[in-house]
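Visitor: no letters, just coordinates:
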């Protein structure tokens, strides 16, 4: 079950000790806070166990270090939240309005509230390191009611989160992991408590992210890092790592905003240079929710073995061709009959070029011969940049659109990737797949002549455009007996005929 993160809703009396409880209610001037800090499943989070810093001021007023209720420590105890001095409304009249500034973790000394020093650990590689370097903030306008109901204080993430998903493919299948991953960013700065704005200072340093014990499905390794909101330029190195004795560096142009989580997918395969692709950012809260849904550590590899149907025999969509093992994802392929899907049902592209959001360069969408996921992602970027989405959308690419309906982890293999996938299917699994699922009717096996056995033609996700601007898929044919693949002598024009759609998923 997904663990939902929510704000603690216990009506705790803030600023009043247990002994002062009666007096506070009689005087009706003790500030009560209901929602205070992040919690999950009713259990207090590390933020609940830490201290908060709270300041009270007039609406719109700038923080003043000499004010009566400036940077008051709010501690969580067995009696609830307790502060010293007691926090009280500036006026006991109903309708009184004040601003409440809160942040965590608490700092005992704040000489300049407009420039509070922030310094994140460069080494966050220990488990829980990104969370320990988090910083929460809120500024809320509160109104006193006659009923004395607690006010609602909601803290937000003031920093940014980075996630790196490492996927091995091609010649790197079976690689246990990358080594010495580091991210070059500024980790020192200040925060203005008046509005929560973070400013970075100094020079960039090498930061070490945390390797999560469990990675998402289809991902070999997943790293996480808390960083200060900032802009990075493609002029410098963003991430550096090594794998199998080879060192690599990647650059990006990006802007990291407060409260957002930015995921980068690092695919290492047959390409000479690994591919770093930025996915759509989400909120840190959403990432924390999704993270608890990752496969459990030490997942039993017996759950899906080669030859099993996914998700089950009653509703078979895919067939497992390789079981999941440590540091190596499993593989499944669709067996749903999608023959007859046309290559394209209308809409014209003037160019397959898209502008990369990382560095602003122009690239060809769907052009990879080794990575079908990259082809899907670059097509997504291309379509998002079309001036008139009503004329050109995923519906104009029914083969790719079908795969999208299966979920974000599915893809059509790229041209050369087909051979890589077929090489990882054991002979007995291959025989069972042919005998029971990839039938002659489904695969459109054709007689290749003496000594060639049967030949099947399938989609690849690799796209081409001819000189006239016509879109073509680079399709593959493979031989039933040998499983050897080759690209068709010429790109298949979408106007000629259609073939079967076979999708792949790592798990």
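Guide: Thanks, I have it. Everything quoted here is computed from the prediction, not taken from an experiment. Numbers count the residues shown, from 1 in each chain.

Visitor: any idea how far residue 259 is from residue 68?
Guide: Using Cβ to Cβ, to the nearest Å, residue 259 is found at 31 Å from residue 68. All C-beta spots, glycine's among them, are computed from the backbone N, C-alpha and C.

Visitor: and these two? Which one has more around it.
Guide: residue 259 (17 against 13; other Cβ atoms under 10 Å).

Visitor: the more buried one contacts residue 157, correct?
Guide: Yes. Using Cβ atoms under 8 Å, residue 259 makes contact with residue 157 at a distance of 4.4 Å.

Visitor: can you give me the helices for this structure?
Guide: Along the chain, the stretches classed as helices by DSSP state H are 21-27, 46-49, 129-132, 284-291, 372-384, 398-406, 417-423, 427-436, 440-443.

Visitor: lowest mean pLDDT across the ones you listed, which one is that?
Guide: Of all the helices of the chain, mean pLDDT reaches its minimum on helix 21-27 (a mean of 41).

Visitor: what residues go with each domain of this structure?
Guide: 5-111+122-157, 160-291, 309-506 (automatic domain parsing).

Visitor: coming back round to it: please enumerate the shared neighbours of residue 259 and residue 157.
Guide: Listed as contacting both residue 259 and residue 157 by Cβ atoms under 8 Å, 6 or more residues apart in numbering are 283, 284, 285.

Visitor: which one of those is nearest to residue 213?
Guide: residue 284 (19.3 Å; Cβ to Cβ).

Visitor: contacts only, for the closest one.
Guide: 157, 160, 161, 259, 260, 261 are the contacts of residue 284 under Cβ under 8 Å, 6+ apart.

Visitor: top of these by number of neighbours, please.
Guide: Scoring those on neighbours with other Cβ under 10 Å, the highest-scoring entry is residue 161 at 25 neighbours.

Visitor: circling back: quickly, which of the domains of the chain bottoms out on average pLDDT?
Guide: Among those, domain 5-111+122-157 scores lowest, with a mean of 71.

Visitor: one step back: possible to save the helices of the chain as a markdown table with distance to residue 245?
Guide: As requested, these are arranged in a markdown table below (distance: least, Cβ to Cβ, whole Å):
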| stretch | distance to residue 245 |
| --- | --- |
| helix 21-27 | 66 |
| helix 46-49 | 39 |
| helix 129-132 | 27 |
| helix 284-291 | 31 |
| helix 372-384 | 24 |
| helix 398-406 | 35 |
| helix 417-423 | 22 |
| helix 427-436 | 33 |
| helix 440-443 | 41 |
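
Visitor: now for the ones you listed, which one comes closest to residue 269?
Guide: helix 417-423 (8.0 Å).

Visitor: relative to residue 282, how far out is the spatially most central residue of the chain?
Guide: Closest to where the C-alpha atoms of the chain average out (Cα atoms, centre = their mean) is residue 263, at 4.3 Å. Residue 263 is 8 Å from residue 282, where distance means Cβ to Cβ.

Visitor: and what of residue 249?
Guide: Distance from residue 249 to residue 282, by Cβ to Cβ: 26 Å.

Visitor: and what of residue 158?
Guide: Distance from residue 158 to residue 282, by Cβ to Cβ: 17 Å.

Visitor: which one's more surrounded, the two?
Guide: Between residue 158 and residue 282, counting by other Cβ under 10 Å, residue 158 is the more crowded of the two (21 against 16).

Visitor: what about residue 421, how many residues nearby?
Guide: Neighbours of residue 421 (other Cβ under 10 Å): 21.

Visitor: typo on my end, it should be residue 112
Guide: Neighbour tally, residue 112, other Cβ under 10 Å: 12.

Visitor: quick revisit: mind putting the shared contacts of residue 259 and residue 157 into JSON lines with distance to residue 403?
Guide: Below are the shared contacts of residue 259 and residue 157 laid out as JSON lines (distance: Cβ to Cβ, whole Å):
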{"residue": "283", "distance to residue 403": "27"}
{"residue": "284", "distance to residue 403": "29"}
{"residue": "285", "distance to residue 403": "29"}
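
Visitor: any idea which of those residues is closest to residue 243?
Guide: Nearest to residue 243 among the shared contacts of residue 259 and residue 157, with distances taken as Cβ to Cβ, is residue 284, at 28.3 Å.

Visitor: can you pull the contacts of the spatially closest residue to residue 183 that is not a sequence neighbour?
Guide: Excluding the flanking residues, the one nearest residue 183 by Cβ to Cβ, 6 or more residues apart in numbering is residue 207, at 4.8 Å. By Cβ under 8 Å, 6+ apart, the contact list for residue 207 reads 120, 122, 123, 124, 182, 183, 184, 185, 187, 225, 227.

Visitor: just so I have it, where are all the strands in the stretch 101-250 of the chain?
Guide: 116-119, 136-143, 156-157, 160-168, 179-185, 188-192, 197-201, 205-207, 210-211, 221-227, 230-232, 239-243, 246-250 (DSSP state E, counting those that start in this stretch).
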